[in-house]
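Participant: sequence and predicted structure below; questions after.
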Amino acid sequence: MTQLTGQPWTDDVVRLTVPADGGYLGVLRTATAGLAARLQFALDEIEDLRIAVDEACAMLLAIATRDAELECRFAVTEDALTVEVTVPTVRGATLPAESSFAWKVLTALTTSATATAADGRATIGLLTRRSGTY
């Protein structure tokens with residue numbers, strides 16, 4: 001697997017798997033905040049990233065199969081946090097268009113956002129760099 005930058009995962013990686021249920025999103029938001037704090041992100045950057053992860057998960061939960069698990073992979077580098085969230089999807093599921101409000105939120109709150117849907121799985125990737133490191 002590669003990061004949004006196309007480079008292999010080589011730094012610290014944290015993987016969390018939770019049931020694809022909104023009641024478990026707090027675990028992912030907390031992990032996101034903790035890892036961003038480790039990178040010394042500003043408080044507003046941490047909150048933006050928590051909101052982005054929550055929004056990405058909400059998009060995926062809407063198309064997840066019954067009893068699915070939400071897999072979240074966090075990659076920590078010196079100046080950035082990459083989050084990739086993946087879920088198995090129902091047949092024919094599609095992610096919101098890049099022109100949708102949900103995507104506008106993701107791109108406004110992160111450095112970059114990507115999405116893929118193939119072979120019955122959908123993944124949303126978020127890359128956030130610390131202020132001043134763009």
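Facilitator: Good, I have the coordinates. Just so it is clear, the model here is predicted, and its values are computed rather than measured. Numbering: from 1, shown residues only.
Participant: what segments of the protein are helices?
Facilitator: 25-38, 43-61, 101-109 (DSSP state H).
Participant: among the ones you listed, which is the most enclosed?
Facilitator: When you average the neighbours per residue for each of those (mean count of other Cβ atoms under 10 Å), helix 43-61 leads with a mean of 20. (C-beta placed from N, C-alpha, C; glycine too.)
Participant: show residues contacting that helix.
Facilitator: 20-22, 25, 28-29, 32-33, 36-37, 41, 70, 72, 81, 83, 85-87, 89, 95-96, 102, 105-106, 109-110, 113, 122, 124, 126, 128, 130-131 (Cβ atoms under 8 Å, 6 or more residues apart in numbering).
Participant: one more time with 7 Å, if that's ok
Facilitator: Helix 43-61 has contacts (Cβ atoms under 7 Å, 6 or more residues apart in numbering) with 20, 22, 25, 28-29, 32-33, 36-37, 70, 81, 83, 85, 87, 95-96, 102, 105-106, 109-110, 122, 124, 126, 128, 130-131.
Participant: on that earlier part again, which one, of the helices of the chain, ends up nearest to residue 15?
Facilitator: helix 25-38 (10.1 Å; Cβ to Cβ).
Participant: so where's the protein shaky on pLDDT?
Facilitator: Within the chain, the stretches with pLDDT under 70 are 1-11, 132-134.
Participant: ok so, going back, nearest to residue 117, of the helices of the chain?
Facilitator: Of those, nearest to residue 117 by Cβ to Cβ is helix 43-61, at 9.9 Å.
Participant: only alpha carbons, please: show the closest one as CSV.
Facilitator: Coordinates of each C-alpha in helix 43-61 appear next as CSV, following Å, rounded to 0.1, in the frame of the first residue of the first chain:
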residue,chain,number,x,y,z
LEU,A,43,-5.3,22.6,18.3
ASP,A,44,-7.3,23.9,15.4
GLU,A,45,-5.5,21.6,13.0
ILE,A,46,-6.2,18.6,15.3
GLU,A,47,-9.9,19.5,15.4
ASP,A,48,-10.0,20.0,11.6
LEU,A,49,-8.5,16.5,11.1
ARG,A,50,-10.9,14.9,13.6
ILE,A,51,-13.8,16.4,11.7
ALA,A,52,-12.4,15.2,8.4
VAL,A,53,-11.9,11.7,9.7
ASP,A,54,-15.5,11.7,11.0
GLU,A,55,-16.8,12.9,7.6
ALA,A,56,-14.8,10.3,5.7
CYS,A,57,-16.1,7.6,8.0
ALA,A,58,-19.7,8.8,7.6
MET,A,59,-19.4,8.6,3.8
LEU,A,60,-18.1,5.0,4.1
LEU,A,61,-20.7,3.9,6.7
